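Trainee: take a look and give me a structure for this.
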Amino acid sequence: MVCNDRELWYLDYVKFAQAFESHLAVDEYIEPERKGMEILSSENAELFLKRIESYKADAATLLKLFEDKIESGDEEDVLDFSPSFLVDFDQKTFYSLFPEPASFEEYVPSDWKGTYEDFTALILETEKYWMNKDGESLFKL
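Mentor: Numbers count the residues shown, from 1 in each chain. Alright, predicted model coming up:
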């Protein structure tokens, strides 16, 4: 699992810039981790994943952070722990559950499928950091 800036997950920055008829070059939008990768795809995924290696977190760490946030009583930020994206580089499919109006699923390479849907059933049980040891979702508690 990767925890980082959502802007990294516009897979096709060219489409993103065109959608807003921007006078700015794609380079104006692109994050440093994506330099040279205006379109993130299966072909350059390995390099990209190496660049964001420092953002990786395991399920146990995320669960602990999530539980700490709930215990602090700061419920406003609890939604920050919602899974937002699932990128399947092998199947060329981008799933979004991002809760704000930004439609990340629209900015995928032309040979990809982008969809806004609940993808959590596709995640391995051992990776579902939002489930406590009793199998209860922390979002429902």
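
Trainee: nearest residue to the middle of the chain?
Mentor: In the chain, the C-alpha nearest the mean C-alpha coordinate belongs to Phe85, at 3.6 Å (Cα atoms, centre = their mean).

Trainee: contacts only, for that residue.
Mentor: Trp9, Phe94, Tyr95, Ser96, Leu97, Phe98, Phe104 (Cβ atoms under 8 Å, 6 or more residues apart in numbering). The way it works is simple: take the backbone N, C-alpha and C, and place the C-beta from them, glycine included.

Trainee: what's the burial count for the first one?
Mentor: Look at Trp9: counted by other Cβ atoms under 10 Å, it has 22 neighbours.

Trainee: tell me the pLDDT at it?
Mentor: pLDDT, Trp9: 90.

Trainee: so what's it up against?
Mentor: Contacts of Trp9 (Cβ under 8 Å, 6+ apart): Ser84, Phe85, Val87, Phe104.

Trainee: can you do 6 Å?
Mentor: Going by Cβ atoms under 6 Å, 6 or more residues apart in numbering, Trp9 touches Phe85, Phe104.

Trainee: quick check: the residue nearest to the centre of the chain vs Asn132, distance?
Mentor: Remark: distance between Phe85 and Asn132 (Cβ to Cβ, to the nearest Å) = 23 Å.
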